[in-house]
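1. quick one, structure for this:
(chains A and B)
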Protein chains: 2
Amino acid sequence: MIMAFSSYNFNPFLSFSFSSTTTTTTLLPRLYSIKLKWKSRTSTPFGSKVVGSSIRSSPTQSIPVESPSPSGGSKTMTSNSSALTIVEVDLGNRSYPVYIGSGLLHHPHFLQKHLVGKKVLVVTNTTIASLYLDKVIDALTRDNPEISVETVILPDGEKYKNMETLMKVFQQAIESRLDRRSTFLALGGGVIGDMCGFAASTFMRGASFIQVPTTVMAQVDSSVGGKTAINHPLGKNLIGSFYQPQCTLIDTDTLTTLSDRELSSGLAEVIKCGLIMDADFFKWQEENINALLAKNPHAIAYAIKRSCEIKAQLVSLDEMECGIRAILNFGHTFGHAIENGVGYGQWLHGEAIAVGMVMAADLSLRLGWIDETLVKRIHTILEHARLPTSPPQCMTFEMFKSIMSVDKKVADGVLRLVLLKGTLGNCTFTSDYDKETLDETLRSFCKF
Amino acid sequence: MIMAFSSYNFNPFLSFSFSSTTTTTTLLPRLYSIKLKWKSRTSTPFGSKVVGSSIRSSPTQSIPVESPSPSGGSKTMTSNSSALTIVEVDLGNRSYPVYIGSGLLHHPHFLQKHLVGKKVLVVTNTTIASLYLDKVIDALTRDNPEISVETVILPDGEKYKNMETLMKVFQQAIESRLDRRSTFLALGGGVIGDMCGFAASTFMRGASFIQVPTTVMAQVDSSVGGKTAINHPLGKNLIGSFYQPQCTLIDTDTLTTLSDRELSSGLAEVIKCGLIMDADFFKWQEENINALLAKNPHAIAYAIKRSCEIKAQLVSLDEMECGIRAILNFGHTFGHAIENGVGYGQWLHGEAIAVGMVMAADLSLRLGWIDETLVKRIHTILEHARLPTSPPQCMTFEMFKSIMSVDKKVADGVLRLVLLKGTLGNCTFTSDYDKETLDETLRSFCKF
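-> Numbering: from 1, shown residues only, chains lettered A, B, ... in the order given. Down below sits the predicted model:
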C-alpha cells in the first residue's frame, strides 16, 4: 500500500543551524539534503485499489500545473469512492495519519479505527453543527453500538477562543462522564481544533483526540502538527500545548460550504508553504490561483495535500518547535499583532497572515536578503487571492511593537523572526537582523 | 560521584500486567524483578566530598531503624555544609534530579545551573513568601546579574487551586514579558507546585520549570513525577498535564516552619509508599513515627529520601500512568471524594488520603485479599501520625458514589481502584473487584 517512500531534497540551498539563542537558516552549496522521515500513501478508502502517488523526489520532477493529475494523490471532491491520500506525520509513538480525500465521512472505518474508549465528545460550533454534525455522528456510530457520542456546540469565531469557552468544554466532558480513554473530536475550523485539542490535552492530563477540519485554513495548517491553544487578552495562542491527535481526517467535500472569505484566508497558509520551502509549489499556485478560488476540486485537493506534506515534514523534524519548525510562522508575528490589535475575530487568521507576509517580505527586502521581484510576486498572488496586503489603519507603530514583544518567538527579550532570504523558497529564522530596519518596516506600514 | 547504581528487586512477589481495559498486579513466584532505571547519588553540594549512599539492592539489606545512619543519604537538617542526596528521575531526555538536603538554598549553584533563560517567575503563596521568598531570590541571583526575578504571590490553600488563580499566574507571566526560555519556579506546597507546573506546561506551549517544595506532602509526592493540575468544581485535579521539571530542590530546613497538621498530612503519603511497595520501610515508620512527628532531622530526611526513591522508580517505569504508576494513587479515589465533598481546602490532602487508605484497606479485607492484622496496623500508624481514619459525617454513600464516578481512574465507565493484596507491601490496580463489596465498604463508613 505504500507507494512512495523516498529521500527528498529538502531545499537544496537551505541548511538549518540550532543554537541556544538564535536559530538561523543559511545559504549553502547545493549538496545538502535531509532524509525524509515521513511517507505519503495513496490508496482507496479500504485499501485494495491503488490509485497512485506523486511524492516529489527532486525539484526537477514534474508537478501538476493548471489541472493536477490523479497522480497528485487526490481525486475529485464529489465522488464517494474517490481516492485517498494519507500523509503520515512521523513522530515515533505519537505518529498519526492525515487522511485527505473526497467523501471520507461516508466511510466510518477511518474514524472508528482510531477510537480508543467508548465515549466521544464532538466539539463544534453553531455554523458547522447544522452542516456536518449528523454526518460525523453517523460515521462514529454506524454499526458501532458500543460508542456513545456527546456534543458541545460553541459560538463561532476567534473571539470565543478563550478560557471561558474552554471551561464549557470541560464542563460538558465531566458531566458526560468522559474519562482518559474517551475521545475529543474537533469538527470545525482552526478555532475549534485549537480549543478542542487543548481541552483533550489537559482533560485528566490527556485524553484521546481526533481532528476533522472543515476549512482550508484548518486543513492545511492548524489540524496538522499538534499545536493547541487558546488566546489570552494580551496575546494570541499564549496558553496551549503540543498534543498530537490520533488522526486528522480531511473530507474535502466539507469545503463546498466554505465562504469565499474563509477560502481566501486558508489560501494564505498555502501561499506561505510555497514561499518558505517550495518554489515550484508557489509557481503552481501563481498559475492556478483562479482554479483554487473557484474551488476546482483537483486544484484544492493538490494544494491541501502538498501543504500537509510540507507541514508534516517540518513537524516530523522538530515537533516542539525548537528550531526549523518555526519557519511555518512566516508572517505570523506581524499577523498575530494585527489579530490581537483589531480584536480577535475582526480579521480572519489568514487575512492577518497575508499582511504579515507582506511586512516580513518588506523587511527582508530592506535587509537586502531578497530582491524586489519576489516582493512584487507576493503582493500579486495575495491580491489575486483576494487577501489584504496592508494592515488596518488602527494599527499603530507602538501597537505593533507592544504586541510583538510578547510573541512566543521572543527569547531572552529578543524577537526572532522568520524572514525570506535568497531565492524563492528559502527563508531564515533569526534574531540577527537590524532592529532599526524592523522599525522602518513598521513605520512604512503604519500612519501613526 | 555515582555511589550506587544497581538492579533492584522490585517487589519480588509482584508483577504487573498491562491491558487495554484493566491493569492488575498479581501474585507471582519470587522470580520477577525489574531492572532499575534510576540511580541515586550522594555527594556534598559541590561534588568533592563523598558522604555515602545506601540504595537498597535487596529486601534483606539493612535499613535505618530508630535513627537512620548518615549512609541513608542525608545528614543533619541544620548544617550548611551538609550532605546531599540526589534521586534521579530517569525519563530519557526529560530526566531530572531531585536534590535532597539541609541548607541547599544557601547554595545558589543548584538552582542556577538549571535556569535556561534570563527570567524567572517565582510562584508562591502568602504564607511561604514571608518565610522563604528572599532566600530563593538570593539563591537565583547571587553572583548572577543576568537573571531577573519576578514574583506572583497567590492566596494560600487548596480552594484557590482553580482556573481563576491560574489566570493570575498567566497574567503576571505575560506582563513580566516571560518567554519560552523563562523559568517558572514553584515555591510552596502541593497546591503551588501543581498550579505553577500547569502554568509552566501551558504558557506558550511549555516553559522551563523548577520545584522548590516546602512541605513534606510536596517533598515526598507532588513535586516528583511531573503531575500538574488544577481542580474543577466537579472534581479534583481534572485539568492538568504531565510535565517534568528541570529539577526539584528539597531543602529540608524549610520544614522547621511546617505546622504539625501539615506535617501529619505529608506523612500520610510516606505511609502510603510503604504500604504499596516497601514492607521494610513501613516497619521502619512504625518504629520511628514519634521521631518523624518530632521532626527528627535524620528520620525526616530518610523518610523523604526513601519516598522519593519509590516514587522516582514508579515514574521512571510509567511516566504517563498507563499502568503501574497508578498504584501511587492508593487511597486517593476515596480521599479525593472527601476533599471535593467537604469543599476543597477544608481537609488537607493527606488527611483525606489517610481515610482513603483505611477505606481501601477495608475493601481489600472484605474481598479477602489481606488479613485483619494489616488493617489494624494501618489504623494504628495513622492514629499515631495524628491522622483521621474515618470520613466526616457529611459524606454520604451517594456523595462518594457520585464523585468517584468522575475519578480519573474510571475507564469506559468502570472504576479501577488500587487495593492491597497479599502480604504487606503488595497491591493491585484493578477493575476486577466485586462492586457490591465496594458499596458495603462505603455504607460501613457512611451514616447516610
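2. low-confidence stretches in chain A?
-> Across chain A, the ranges flagged by pLDDT under 70 are A:1-82.
3. chain B contacts on that one?
-> Those residues of chain A that sit near chain B, judged by CB under 8 Å from any CB of the partner chain, are A:117-119, A:163, A:167, A:170-171, A:174-175, A:177, A:179-181, A:198, A:201-206, A:227-229, A:232, A:234-235, A:238-242, A:320-321, A:405-406, A:408, A:410-413. The way it works is simple: take the backbone N, C-alpha and C, and place the C-beta from them, glycine included.
4. which among these end up buried?
-> A:117-119, A:163, A:170, A:174, A:179-181, A:198, A:201-206, A:227-229, A:232, A:235, A:238-242, A:321, A:406, A:408, A:410-411 (16 or more other CB atoms under 10 Å in any protein chain shown).
5. counting contacts, what elements does the one helix or strand A:Leu166 maps to pack onto?
-> Element membership of A:Leu166, judged by DSSP states H and E, is helix A:163-175. In terms of contacts (3 or more CB pairs under 8 Å, 6 or more residues apart in numbering or on different chains; DSSP states H and E), helix A:163-175 is packed against strand A:119-125, strand A:148-154, helix A:190-202, strand A:227-232, helix B:163-175, strand B:235-242.
6. same thing but 10 Å
-> Here helix A:163-175 touches strand A:119-125, strand A:148-154, helix A:190-202, strand A:227-232, helix B:163-175, strand B:227-232, strand B:235-242, going by 3 or more CB pairs under 10 Å, 6 or more residues apart in numbering or on different chains; DSSP states H and E.
7. let's have those in a markdown table, adding distance to B:Ile327.
-> Listed next are the helices and strands packed on helix A:163-175 as a markdown table, based on distance: least, CB to CB, whole Å:
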| stretch | distance to B:Ile327 |
| --- | --- |
| strand A:119-125 | 26 |
| strand A:148-154 | 30 |
| helix A:190-202 | 24 |
| strand A:227-232 | 30 |
| helix B:163-175 | 29 |
| strand B:227-232 | 14 |
| strand B:235-242 | 17 |
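8. output the longest helix belonging to chain A.
-> If you go by DSSP state H, chain A has its longest helix at helix A:297-317.
9. which helices and strands does whatever helix or strand comes next after that one pack with?
-> Proceeding N to C from helix A:297-317, the next assigned helix or strand is helix A:332-342, under DSSP H and E. With contacts defined as 3+ CB pairs under 10 Å, 6+ apart, the packing partners of helix A:332-342 are strand A:227-232, strand A:235-242, helix A:260-277, helix A:349-366, helix A:397-404, strand A:417-420, helix A:435-445.
10. got the buried residues for helix A:332-342?
-> Across helix A:332-342, burial judged by 16+ other CB under 10 Å covers A:332-342.
11. could you check the angle it makes with strand A:227-232?
-> Put simply, helix A:332-342 runs at 30 degrees to strand A:227-232, going by axes from the mean of the first three to the mean of the last three CA atoms, to 10 degrees.
12. relative to the whole chain's centre, how far out is helix A:332-342?
-> Its chain's average C-alpha position is 17 Å from that of helix A:332-342, according to CA atoms, centre = their mean, to the nearest Å.
13. report the angle between it and helix A:435-445.
-> Between the axis of helix A:332-342 and that of helix A:435-445 there is an angle of 50 degrees, by the same axes, to 10 degrees.
14. can you give the strand pairings for the helix or strand A:Glu88 falls within, parallel or anti for each?
-> Following DSSP H and E, one finds A:Glu88 within strand A:84-89. Sheet pairing here is set by DSSP bridges, and for strand A:84-89 it gives strand A:40-43 (antiparallel), strand A:96-101 (antiparallel).
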